[in-house]
Every structure is written in C-alpha cells, then in structure tokens.
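Enquirer: coords below, sequence missing:
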C-alpha cells in the first residue's frame, strides 16, 4: 500500500490506494454475504432435501397400495382446486414430486428463505446497528441492494442444488424413473418465483425500518396468492384474481418442463423490484 | 489549503427535535480537531451527516471540497470511520472484517493493519461476538485506520480501552498527524483531548458555541480544591489570593475553593497554615461547558 502522505500537499485528497471498480466492490460484497450465510443456506437445502428424500422413498409404497390418480380425481372440487398439479398424473415419480414438493412445499418454503435475506439486507442491518460501519466504506447504496439480489440468486441455487441431490440420489434405490433434466426443470422454475418475493422484501426493507414487517408482508402475499389461485379454480368470483397469482403459472415443471414465459416475466419483475429498492434506499436516511 | 471538512449553516433536525443547528465549521488539513460536547449535544449527528447516513435539513457540508450528498462515495473512499457504537456479523473475526473492508477499498497490503493490531493488542482471530467491549473497540480502531485514510473520523474512540492501550492509541493519533493526515476526534474525555488535539470545537444543544485552540481551552481550566487545615481558616483570607475564583467552608469546616490554572499563590497562602489534607479535582467537561459556554436550554428538546 502506498503511503498517501508521502507528498501531503498533492495527495491530500487521494485515498492512498487504487479504489477497485464497482464490479469488484460488488463482488466483494456478494462474497461476504454468501460466505456469512453459507451454513444457513446448506441447512435450508438439507432440510428441504430431506423432505425430497422422504417423498421419493415413500413413492413405491404409495403407488403400490393405492391408485393415487383415482384417489385424487375423487377428491372434492374445493380441495382439488388447491392442488395445482392435479392436472398431471401422480402415478409417476415426477408427478408425485410435482404434487408434493414442487407445488406446495418448495414454493412455500424457498420464498421465505430469500424473503428473510431481503428483509435483513437493510432493515435488519439497521435494526442491529450493523449498517453504519458497512456504509462507511466506499460503496454506493445501490450496490448493496444489487449484491443482495445476486447473493439471493446464488444462495438459492446452492440450496436448490442440495435439494436436487437429496431428491435424486434416493431414486437410484427405488423403482421409479426421474430424469436429471426433469428434476432440473422443477428446481430452475423455483428461482424467479422465489426471487420475486425476495425482491419484494428488499423493497420493503429499503422503506420500513423493521425487518419483521419486511418479512411479514411478502409472506402474506405468498399465502394470498396461493389462496387466490385455489379459489379461482372453482369459484367464478375469484377468476379475475387468479391470473394475479404466481402459483397460477407455476404448473407441473417436472412433467411439463419450465414455463419460460413465466420464468422470464417473473425474473423481470424481481429485477424491477430490486431497481425500485435501490432508488428508495438511495433516498432515505439511516437510523440506528 | 482547502479545509478538509467545511460546513455552512449545516442543520439536521428530526421532526420537531433538533440534531445540529446552523453549524459553521472548518477543519484544516493535517490537524487533530477535537469535537467536544456532552452526550446528546449533536456530535454523532454531525458525523453521520458528513458521511451521508443522514441528510441535512439545511445548509451544506463539504469533505475534501466535495459535497457530502453528491459525492458521498468519493468522500468515504478517503475516510476511516469509527462510529461511537458499532456492530458487525458476530461470527466474523477481526481479521475477516479487515480483509473484507480491504477488498472493498482495494487495499492489498495489510502490513499496517497487523502492525496496528499488534500495537493495540487486538485479537484478529476470535469471532467479534466473543470479544469484550474493549477488545471490540480495538478491532473498530484497526478497521478505521488500517488503510491510512487522509481523514480519520473517530467517535469516542477510547471507550472501553485500558489505560495502556489508550496511551498507545493516542500515540498512533499523533503519528497520523505527523504524516500530515487529519483527525476529527469526538470525545468528552478532556485529558485525551488535551494530549492530542490542536484545536477544539465545542458543541452544545446542537450549536457550535466555540472553536479555539486546545491551549486556549485549557487556559480556562480550573480546579476544585478542598483543604483541611489544623487551625480554622477564614475564606475571606483566600478570596483575595490571585487565582482563587471562589472560597467557602463546607459543613465539615473544610476550606473549599475554585482555583484557576495558577496554583502558586494559593499554595503559598495555604502554607501559612498547617495543612492536614489537600485534594484537587478537575471539573468535568460538562461543568466547563456550563461555566464558559452558557446554561443549557430549558426546552428539553432531544438530540441524538
């Protein structure tokens, strides 16, 4: 490191070192965010992956002992409306996993994983007094917002990779075919879906000063979207709101592949919300 | 030379509560500037406004000639900051924190960080969450100074440090000044201000009430003196002595005096008696403020 005071008169406003480009500073932020929560990421992946393992191992018994397709088709319409993957077959392992893991458990859990990250990024740091020191460094505020989104994506990908491994490996032990490509479709389709809610939490985190609020509101929206989608399937009064629910477009990715239109639009929405969070965060004050 | 910090009628209020009010201040390059005031006077608000964590409600602030709002990132590239209270990820070690901040700043050589850690006896290997307040403060000091910033902003830097480490820290501040760098030093500990600061600004109730050299401030200092004499002394005898500002007897019959910086005459007068006990006490900073810079406002407004 050069001594900035070797020529005090000329170097008085020189920081004394070459400030790295904004990309390097964002990369440093992402690295720190990712490493600091890697244990949490792996825990989420392992817990949800364990559920995946369980459902894979349960499949042969369920399939042998009952005709699941017939069972599901005989369910009351009101109940069937809340099972988005009912349109496919669940006599196959991909259908079974679409029903249990990729329509319900993962779409409800993974958004909360990133919602918490978004809420803690600003409001959480402000609450626990950790933001002053971080923002004493030469980083624009928007870079913290962007780094949080990148970290959300990375952490989500790692968690999904763990879930994927935990779900696929036990398929080697049972009779039931699950292609790696099919499983990847299911995992990938959850990325923008979850990021949408994480980015919404980031927006709230940049406005409110309570991380609990920034967690609760996207959480409520997630549940509301699920309910709206279910109600819209059998009640005409709710047909208009059903298209507003992201669950409406999630489909059965293991059986039918990724809905790329939905993937792209949701990703764009997440990016738009992140941009909004950056603008809002730039404008507001930091209170600790 | 252009001022390192310059504020023009800088004002920050929190709704109806005042933070700082129309502060006009210049901190010169290469000086250690003490920013003094009692708790709640507005010192932290001033720092947070300079660093753009808070936005002024009036006036402007410039650091190295750059507007604090428009060029905040450029300013922070040249500043090392130790907040009055700080928190970090508790599982992170001091070493990891320094490496992280070094990556953000592009500082590749951490030799000075390790030198500082050694001199301050800072443990860079344990998680910060496991450190005592004093040891956390040492990490805070290292992270503020390791990149040799042209401007150091230190808010109550010696809180929690043991006397030996305080001494070493004040030595480092002196070296920083010798290198031509500037230090903005917030404190309410008079002794350390006297040791290292060239000039001081006094803030009370959000207003900058005085800026003067440290020598000038301490020329104003006085002491409380309590003397127990074997014989009975008349306070009037001492009121006439040069340097004695007030004299009276307390309930126990001890002679209680307020004495200026020149003690010689009063000691000689006391020597005419048999002195059984003698105590000298420095006034608190708050007491000096009240004596020299006016009574506090009575409206009970809060500050941060």
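Expert: Now that the structure is in, tell me what you want to look at. Source: prediction; values computed, not measured.
Enquirer: Show me the shaky parts of the stretch 101-250 of chain A.
Expert: Counting by pLDDT under 70, the ranges of the stretch 101-250 of chain A that qualify are A:176.
Enquirer: Spell out which residues of it are next to chain B.
Expert: A:128, A:129, A:130, A:132, A:133, A:135, A:136, A:137, A:138, A:139, A:140 (CB under 8 Å from any CB of the partner chain). Every residue, glycine included, has its C-beta placed from N, CA and C.
Enquirer: Now list the buried members of these.
Expert: With burial judged by 16 or more other CB atoms under 10 Å in any protein chain shown, the buried subset of these is A:130, A:132, A:133, A:135, A:136, A:137, A:138, A:139, A:140.
Enquirer: Please name the spatially closest residue to the first one (chain neighbours excluded).
Expert: In other words, residue A:130. Excluding the flanking residues, the one nearest residue A:130 by CB to CB, 6 or more residues apart in numbering or on different chains is residue B:87, at 4.6 Å.
Enquirer: The one you found: what's it in contact with?
Expert: A:128, A:129, A:130, A:133 (CB atoms under 8 Å, 6 or more residues apart in numbering or on different chains).
Enquirer: Rebuild these as TSV, extending it with secondary structure.
Expert: Formatted as TSV, the contacts of residue B:87 follow (DSSP: H, G, I helix; E, B strand; the rest coil):
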residue	secondary structure
A:128	coil
A:129	coil
A:130	coil
A:133	helix
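Enquirer: Tabulate those (a markdown table), appending distance to residue A:254.
Expert: Listed next are these as a markdown table, based on distance: CB to CB, whole Å:
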| residue | distance to residue A:254 |
| --- | --- |
| A:128 | 40 |
| A:129 | 45 |
| A:130 | 40 |
| A:133 | 45 |
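Enquirer: how deep is the closest residue to chain A within the stretch 51-200 of chain B tucked in, by neighbour count?
Expert: The stretch 51-200 of chain B approaches chain A most closely through residue B:180 (3.3 Å), counting by CB to the nearest CB. Applying other CB atoms under 10 Å in any protein chain shown, we find 18 residues neighbouring residue B:180.
Enquirer: hang on, the earlier thing: among the contacts of residue B:87, give me the pair with the biggest separation.
Expert: Farthest apart among the contacts of residue B:87 by CB to CB are A:128 and A:133. That separation is 11.5 Å.
Enquirer: What does the pLDDT read for the most centrally placed residue in chain B?
Expert: Nearest residue to the geometric centre of chain B (CA atoms, centre = their mean): residue B:187, 1.9 Å. On pLDDT, residue B:187 comes in at 85.
Enquirer: now swap in residue B:276 and tell me
Expert: At residue B:276, the pLDDT recorded in the model is 92.
Enquirer: re the thing from before, the residue of the stretch 51-200 of chain B closest to chain A: helix or strand, and which one exactly?
Expert: Per DSSP states H and E: residue B:180 is located in neither a helix nor a strand.
Enquirer: Quick check: phi and psi at it.
Expert: Phi and psi for residue B:180, reported as degrees, to the nearest 10, are phi 90, psi 10.
Enquirer: That one is in contact with residue B:31, isn't it?
Expert: No. In this structure, residue B:180 is not within contact of residue B:31 by CB atoms under 8 Å, at 10.0 Å.
Enquirer: show me what contacts residue B:123?
Expert: Here residue B:123 is in contact with B:94, B:117, B:131, B:135, B:138, B:139 (CB under 8 Å, 6+ apart).
Enquirer: my bad, residue B:68
Expert: B:49, B:50, B:51, B:52, B:56, B:60, B:61, B:62, B:75.
Enquirer: quick one on the thing from earlier: where's the residue nearest to the centre of chain B relative to residue B:84, distance?
Expert: Applying CB to CB, to the nearest Å, the value for residue B:187 to residue B:84 is 10 Å.
Enquirer: and the helix or strand residue A:167 falls within, what does it pack onto?
Expert: Per DSSP H and E, residue A:167 falls inside helix A:141-168. Helices and strands touching helix A:141-168, by 3 or more CB pairs under 8 Å, 6 or more residues apart in numbering or on different chains; DSSP states H and E, are helix A:22-36, helix A:38-65, helix A:106-119, helix A:180-205, helix A:260-283.
Enquirer: Can you point out the buried residues in the third one?
Expert: By neighbour count, and taking 16+ other CB under 10 Å as the criterion, the buried residues in helix A:106-119 are A:106-107, A:109-119.
Enquirer: so it versus helix A:22-36, what angle?
Expert: 120 degrees (axes from the mean of the first three to the mean of the last three CA atoms, to 10 degrees).
Enquirer: what's the angle from helix A:106-119 to helix A:260-283?
Expert: 20 degrees.
Enquirer: again, but for the fourth one
Expert: Orientation of helix A:180-205 against helix A:260-283 (the same axes, to 10 degrees) gives an angle of 30 degrees.
Enquirer: Would you mark the buried spots in helix A:180-205?
Expert: Buried residues in helix A:180-205 (16+ other CB under 10 Å): A:182-205.
Enquirer: packing partners for that helix?
Expert: Using 3+ CB pairs under 8 Å, 6+ apart, helix A:180-205 sits against helix A:93-100, helix A:106-119, helix A:141-168, helix A:211-234, helix A:253-256, helix A:260-283.
Enquirer: make it 10 Å
Expert: Applying 3 or more CB pairs under 10 Å, 6 or more residues apart in numbering or on different chains; DSSP states H and E, one finds that helix A:180-205 contacts helix A:93-100, helix A:106-119, helix A:141-168, helix A:211-234, helix A:247-250, helix A:253-256, helix A:260-283.
Enquirer: Can you classify residue B:18 as helix, strand or coil?
Expert: strand.
Enquirer: So what's the residue count around the spatially closest residue to residue B:114 that is not a sequence neighbour?
Expert: Excluding its sequence neighbours, the residue lying closest to residue B:114 (CB to CB, 6+ apart) is residue B:124, at 7.8 Å. By other CB under 10 Å, 21 other residues sit near residue B:124.
Enquirer: on that earlier part again, so which strand or helix has the residue nearest to residue A:130?
Expert: Going by DSSP H and E, residue B:87 is not in any helix or strand.
Enquirer: do the same with the one 10 residues further on
Expert: Secondary-structure element containing residue B:97, defined by DSSP H and E: helix B:94-105.
Enquirer: Identify the bridge partners of residue B:93.
Expert: Beta bridges link residue B:93 to residue B:127, judged by DSSP bridges.
Enquirer: Could you double-check that it lies in contact with residue B:136?
Expert: No. Using CB atoms under 10 Å, residue B:93 is not in contact with residue B:136; the gap is 11.7 Å.
Enquirer: between those two, what contacts are shared?
Expert: B:123, B:128, B:129, B:130 (CB atoms under 10 Å, 6 or more residues apart in numbering or on different chains).
Enquirer: The third one belongs to a helix, doesn't it?
Expert: It refers to residue B:129. Yes. Counting by three-state DSSP, residue B:129 is part of a helix.
Enquirer: ok, it - contacts?
Expert: Going by CB under 10 Å, 6+ apart, the list of residues near residue B:129 reads B:87, B:88, B:89, B:90, B:91, B:92, B:93, B:136.
Enquirer: Sweet, I'm off.
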